[in-house]
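# Give the three-dimensional model of this entry:
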Amino acid sequence: MPKIASPTRPLADVNVIPQKEGSYEVVACFMPDPVLIVGEGNSKAMLALDASASLRGEYGYGGAFGGAPNFVELVARKVGALLTEITKTGLATGIYWAVSHDGSQLEEIGEFDETGWSQVAITGPRKNVWGKGTKLLPALRYCVEKIAKDADWAMGVFITDGVIEDEKECLNFCLKIGKEIAAGKRHPVKLILIGVGKQIDKGQLERFDDMFEGTDLQVDLWSTGIAYSMREETDILNVLYGELIDENTVVAPLGDVRDSQGNLLASWTDGLPGKFRFKLPKGETQFVITAGEHTIVQDISEVVV
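Model (predicted):
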């Protein structure tokens, strides 16, 4: 799916899908607005990267001669920068998880603003060895007990390519956290688990996602998604964007989309959604979004053949 490299702010993601008759289906998403998502409170966010040995190749270790692309770094920089948009301080924390021989340890990467995330080196653990196992609970504890400790709202994004070995322990821990949130003893926490690659256990992801279904707890603690590979950064970002802002999130009271000639392509009189799609006619290389006094012009010529 062709993707605009640098969408016009406040757009965060613009995908352009060619249609057989020559037109284009456009799927656009706005940058998450901290006020819309978490209000004006003290919000925090964390990105946790799987550093088990099976992912070494995706970090750019291409055998004896090296030189392979570092796909994890490309994704981490974009996701980390995005997470700074939903924090009160404009900073987001990064960690490696599943390090050490049994995959039970963590290694801190640091806390960065948007510029810092765009430049940070993501090359895997330096103080510990690549993990030989994939244990998620330590990273969960770090997110809930450290990142979310003094926050009014917190989000933790976990990226992995393997089967979570301590699933039962993680679900038990999350059940406890969910009960505390439901009882008003803890501020809301949102956890997103993104599985990458063919080794992911889809059933396991569903168990995390659905852990509170069938209970009397009105808690949406987990969301999960799958990307084909770490190299398909669009898939990973789409999972995250889908959780931060979606079709049900209203970003303006009304709005519309027109082509370069002013022809109306889509309109919303009861609220412009944070994520939307429309069809751009054949031959057009830009679209214009109008929301009240604001106008956004997005050129798509870079992906139009």
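# SS state for residue 20?
Reduced to three states with DSSP: H, G, I helix; E, B strand; the rest coil, the structure at residue 20 is coil.
# switch to numbering from 9
Got it, the first residue is 9 from now on, which makes the last one we talked about residue 28.
# Now do it against residue 264, distance only.
26 Å (Cβ to Cβ, to the nearest Å). (Glycine included, C-beta is placed from N, CA and C.)
# and what of residue 273?
With Cβ to Cβ as the criterion, residue 273 and residue 264 are 8 Å apart.
# Please apply the same query to residue 305.
From residue 305 to residue 264 the distance is 14 Å (Cβ to Cβ).
# Between those two, which is the more surrounded one?
Counting neighbours by other Cβ atoms under 10 Å for residue 305 and for residue 264 shows that residue 264 has the greater number, 16 against 10.
# Show me what that one is bridged to.
Here residue 264 shows beta-bridge partners residue 275, residue 298, assigned using DSSP bridges.
# Contact partners for it?
272-276, 297-298 (Cβ atoms under 8 Å, 6 or more residues apart in numbering).
# let's go with 10 Å and repeat that
Residues in contact with residue 264 (Cβ atoms under 10 Å, 6 or more residues apart in numbering) are 272-277, 280, 286, 296-299.
# What score does it have for pLDDT?
With respect to pLDDT, residue 264 has a value of 98.
# farthest residue from the center of this protein?
The C-alpha centroid of the chain is most remote from residue 269, which lies 34.6 Å away (Cα atoms, centre = their mean).
# the helices in this protein, which residues?
Assigned by DSSP state H, the helices in the chain fall at 42-46, 79-92, 122-127, 145-150, 175-190, 210-217, 241-252.
# of all these, which lies closest to residue 159?
Nearest of the helices of the chain to residue 159, taken as Cβ to Cβ: helix 42-46 at 9.0 Å.
# for the record, mean pLDDT for that closest one?
In this model, helix 42-46 has a mean pLDDT of 62.
# Could you do stretch 204-214 as well?
Average pLDDT, stretch 204-214: 86.
# Over to it now: how far is its first residue from its last?
Taking Cα to Cα, to the nearest Å, the first and last residues of stretch 204-214 lie 14 Å apart.
# How far away from the center of its chain is it?
Centroid separation between stretch 204-214 and its chain, computed with Cα atoms, centre = their mean, to the nearest Å, is 17 Å.
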